[in-house]
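Participant: generate coordinates for the sequence data below:
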Amino acid sequence: MTPRVMTGAYDSLPDLLAAVAAEHPGLDAFVDGAERLSFAGWHERASGLAAVLARRGVARGDVVCLMLPSSIDYAVCYAAALQLGADGGRRHPGPVAADAGDRLRVGARPGPRAGAGRRRARGVLRHPGA
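Facilitator: Residues are numbered from 1 along each chain as shown. Next comes the predicted model:
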């Protein structure tokens, strides 16, 4: 198979993902066992989740802590956070503890009561399978 290369200037990873989804919609972005996700599917799922997070108040500069194992779901959640300009990153080393369950922590911008450099939790979205 000939590698596909995207050329051009992209301001962000979400912009690049949108371009790849438009240019190569059926191309697999992820393969995890029997589960596959195309670039178009990744973009679509991330955009849908970004809309949910935005309705819950997530905005540019917020922290969305992803407490998920490395997976297709993690990639979707990470891309959704980035679409909103939020910091979407794993906040713990290694795999998620079994008793923690899979969930997304939605952080808030620091406020006057949060203290310097600290962020308050705004809410938790449970993974549908948890």
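
Participant: just checking, what packs against the lengthiest helix in the chain?
Facilitator: Criterion DSSP state H: the longest helix present in the chain is helix 39-55. Applying 3 or more Cβ pairs under 8 Å, 6 or more residues apart in numbering; DSSP states H and E, one finds that helix 39-55 contacts helix 13-23, strand 28-32, helix 72-83. Just so you know, the C-beta spots here come from the backbone N, C-alpha and C atoms, and that holds for glycine as well.

Participant: what's the closest of these to residue 50?
Facilitator: helix 72-83 (4.2 Å; Cβ to Cβ).

Participant: so what does the closest one touch, helix or strand wise?
Facilitator: So helix 72-83, by 3+ Cβ pairs under 8 Å, 6+ apart, packs with helix 13-23, strand 28-32, strand 35-38, helix 39-55, strand 63-67, strand 87-89.

Participant: again, 6 Å this time
Facilitator: helix 13-23, helix 39-55, strand 63-67, strand 87-89 (3 or more Cβ pairs under 6 Å, 6 or more residues apart in numbering; DSSP states H and E).

Participant: low-confidence ranges in the chain?
Facilitator: Within the chain, the stretches with pLDDT under 70 are 1-4, 90-130.

Participant: circling back: let's have the helices and strands packed on helix 72-83 in a markdown table, adding mean neighbour count and distance to residue 5.
Facilitator: Below are the helices and strands packed on helix 72-83 laid out as a markdown table (neighbours: other Cβ atoms under 10 Å; distance: least, Cβ to Cβ, whole Å):
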| stretch | mean neighbour count | distance to residue 5 |
| --- | --- | --- |
| helix 13-23 | 17 | 10 |
| helix 39-55 | 18 | 14 |
| strand 63-67 | 21 | 29 |
| strand 87-89 | 17 | 26 |
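
Participant: make TSV out of these and add distance to residue 74.
Facilitator: Shown next, in TSV, are the helices and strands packed on helix 72-83 (distance: least, Cβ to Cβ, whole Å):
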stretch	distance to residue 74
helix 13-23	14
helix 39-55	11
strand 63-67	6
strand 87-89	9
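
Participant: how about these, which one is nearest residue 75?
Facilitator: helix 39-55 (6.5 Å).
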